[in-house]
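**Q** Okay, sequence plus prediction incoming.
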Amino acid sequence: MKIFKKFTVTALTAVIAVTASFAGIAAAADSLKGKITVNGSTALLPLTLQAAKEFQKLHPKVKIAASGKGSVTGPQAVKKGIADIGACDWDASMDVPGFKAFEGQVANKVAVIPFATIVNKNVGVDNLTTEQLQGIFSGKITNWKDVGGSDANIVVVTRAFGSGTRVNYQAKALAGGDITKKEKNYKETGSSGDMKTAVATTPNAIGYIDLVYVSGGDIKAVKFNGVEATSDNVINGSYKIWAYGYYMTKGQPSGVTKEFIDYVQSKKFQQGSLKKLKFIPISAMKG
Amino acid sequence: MGAPVQNLASRAQKSSLAESSISTKRHNRHLFSNTMFRYYFLFSILALCLVLGLVIVFIGKTALLLFAHLSPLEFFFSFNWSPEEEAFGAAAFIVNTLSLTALTLLIAVPVSVGMAVLCAEIAPKWLKGFIRPVLDLLVGIPSIVYGYLGLTVLLPFLRRVSGEGLGDGLLAAALVLALMVLPTICRISDDAIIAVPRKYRDAAYALGSTRLQVIMRVVLPAANRGIISAIILGMTRAVGETMAVVMVIGNTPQLAKTLFTPSSVLTSNIVMQISNVEFDSTWNYALHMMAFLLLLISFVLILIIRILGRKRRDAA
């Protein structure tokens, strides 16, 4: 009990300290004020939170509320007027498989998100081509020996339909190919974390995930068409499975929302915090 | 509370005039606080009812929008759930939910009722004093913890035993759920068995019954309504459980033809897809309809418990 009490006291003190420090910062004078609501993709949430923290330090009178749910909720919230910025893993002003374009919204690129094909550590294969991946995820290839591995059934782990990661992976890695459900050796997961756990604990499993999640000894990223999944290869153009992360706005952004997006796109943030969070700066991409 | 205060007040009135004004004040104060408490309790109850009403109305309202876009026939009887092709047949989820619940109870009930009998009738005092707190602790463990154990311990085990590549499916989910509902069923059955009057047992022993006969022929039948309530309570938990199931069932919208077919139930499908749907879409309405179905199922189950409870009171 005593330990719990100590914890509570420590936690409370911490909360009070944090609140106080924020209040202290807020005392500084600044002309820019307003409120920004950001909703949408959980993949972009760490970036948004970090940017919001820094932006509010610069402009204490600006309040930023950020939350994450699913990619499609971003542009939806913008459409309904609930949010000023809708974070989305794809360009929601254009049609993507399963989702229609959101009319009148502008997509502002904020980051480059690389994705990787991952397999359980027991899988001997370390390179897969687009055709092989198409075969595996559409259910035509069901045994690792058909793609140069040992004789074992391939267990496909995928994200549920509607996930931003799935939209991008299908578009880039499978070149628009299908992911078909099967009666055996097929499972859907609800988040990147679940995906990682599932592939890590299931022998012969294959899945796909944001590159930032690839760590630890239980999963490994496989090469795509012979190219290793690294930030450098994304930047030099040889690794193709990546996508821009977008801030969707109703029309061109204006006022304090524009200032915030400008800050996120600024060299300082892109080269600093954004890189630390393992995203790739948009300026690094050619074209 | 009111009567003694009044007595006191009237006695005080008789004794002297000066004191009477003080005691009337006290009387009024008590009256006031009593009324305030009454209103407070009334308000609490009404607030709760309001929330319940809002849940039913809003879920129901959105759910019923579904039938403007989709025939009930397709929703309830089609096994094809492919949001990418605008096909929303929930039959597979409904059947899976029912079979998962049945399988769970099949595993959990014999074990938990057996444990309840052990607790109430057979175990020595020190063992009872150990088992009961442990079961109470088990009831309080968050479902995500059970789910995680299922994912990291149970699934690899099932894979090894069955030779399946994945292990996800109805069996894994039912095992996790059984573990979760076991303490609930056990503790409530335990209470029901203890509530059986001692004289029944004494009479049975006096007639020369063995302990097994007393338990099987006298105690369990006498406690059966309480045990059935316990089972139904466990059932409501099994039907509504989400997180633990999501982690081990495979989350693939298809009918579970075998124990190891990766599949999905009402709850797990809602939680998997709700964050990825557009507000004004048939897909969203269909998910709300599934939530509404779950509400209805648990409502019916609770109703059954109430009716059984009333019958038991009448019988006693």
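**A** Arrived safely.
**Q** Quick one: name whatever helix or strand follows the helix or strand containing B:M115.
**A** Assigned by DSSP states H and E, B:M115 belongs to helix B:91-117. The helix or strand immediately downstream of helix B:91-117 is helix B:125-139, counting by DSSP H and E.
**Q** so where's the chain uncertain?
**A** If you meant another chain, say so; for now it's chain A. A:1-30, A:286-287 (pLDDT under 70).
**Q** sorry, should have said chain B
**A** For chain B, the ranges with pLDDT under 70 are B:1-20, B:312-313, B:315-316.
**Q** host element of the residue nearest the centre of chain A?
**A** Centroid-nearest residue in chain A, with CA atoms, centre = their mean: A:A43, separated by 2.8 Å. Remark: A:A43 resides in no helix or strand, with elements defined by DSSP H and E.
**Q** For stretch A:212-226, list every residue counted as buried.
**A** Neighbour counts over stretch A:212-226 (16 or more other CB atoms under 10 Å in any protein chain shown) mark A:V212, A:Y213, A:V214, A:I219, A:K220, A:A221, A:V222, A:K223, A:F224, A:N225 as buried. Heads up, the C-betas are built off the backbone N, CA and C, glycines and all.
**Q** Put the alpha carbons of that stretch into CSV.
**A** This file holds the C-alpha atoms of stretch A:212-226, laid out as CSV (Å, rounded to 0.1, in the frame of the first residue of the first chain):
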residue,chain,number,x,y,z
VAL,A,212,9.7,2.5,-37.4
TYR,A,213,8.1,-0.6,-35.8
VAL,A,214,10.8,-3.0,-37.1
SER,A,215,13.0,-3.7,-34.2
GLY,A,216,13.8,-6.7,-31.9
GLY,A,217,15.0,-10.1,-32.9
ASP,A,218,11.7,-11.8,-33.5
ILE,A,219,10.8,-10.2,-36.8
LYS,A,220,12.9,-9.2,-39.7
ALA,A,221,12.3,-6.9,-42.7
VAL,A,222,12.8,-8.6,-46.1
LYS,A,223,14.2,-7.0,-49.1
PHE,A,224,11.7,-5.7,-51.7
ASN,A,225,12.8,-6.5,-55.3
GLY,A,226,16.3,-6.9,-53.9
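**Q** Could you check that stretch against chain B for contacts?
**A** No - for a cut-off given as CB under 8 Å from any CB of the partner chain, stretch A:212-226 has no contacts with chain B; the smallest distance is 11.2 Å.
**Q** Let me see the ranges of the helices in chain A.
**A** Using DSSP state H, the helices of chain A run over A:2-26, A:45-58, A:73-80, A:130-138, A:164-172, A:192-201, A:231-235, A:255-265, A:267-271, A:273-276.
**Q** And the last one, what does it pack against?
**A** This points to helix A:273-276. Here helix A:273-276 touches helix A:45-58, going by 3 or more CB pairs under 8 Å, 6 or more residues apart in numbering or on different chains; DSSP states H and E.
**Q** How about the residues of the stretch 201-316 of chain B by chain A?
**A** B:246-247, B:250-254, B:257, B:260-262, B:264, B:271-273, B:275-279.
**Q** make it 6 Å
**A** Applying CB under 6 Å from any CB of the partner chain, one finds that the stretch 201-316 of chain B approaches chain A through B:G250, B:N251, B:T252, B:T261, B:P262, B:M272, B:Q273, B:S275, B:N276, B:E278, B:F279.
**Q** List only buried entries from those residues.
**A** B:G250, B:N251, B:T252, B:T261, B:P262, B:M272, B:Q273, B:S275, B:N276, B:E278.
**Q** Can you pick out the most distant pair from those?
**A** B:T261 and B:E278 (29.4 Å; CB to CB).
**Q** related to what we said a few turns ago, would you turn the helices of chain A into a markdown table with mean neighbour count?
**A** Output for the helices of chain A, formatted as a markdown table (neighbours: other CB atoms under 10 Å in any protein chain shown):
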| stretch | mean neighbour count |
| --- | --- |
| helix A:2-26 | 10 |
| helix A:45-58 | 18 |
| helix A:73-80 | 24 |
| helix A:130-138 | 20 |
| helix A:164-172 | 23 |
| helix A:192-201 | 21 |
| helix A:231-235 | 17 |
| helix A:255-265 | 19 |
| helix A:267-271 | 15 |
| helix A:273-276 | 16 |
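**Q** And those: which comes nearest B:P124?
**A** Here helix A:2-26 is closest among the helices of chain A (CB to CB), at 33.3 Å.
**Q** ok, B:S78 - contacts?
**A** Neighbouring residues of B:S78 by CB atoms under 6 Å, 6 or more residues apart in numbering or on different chains: B:G89, B:A91.
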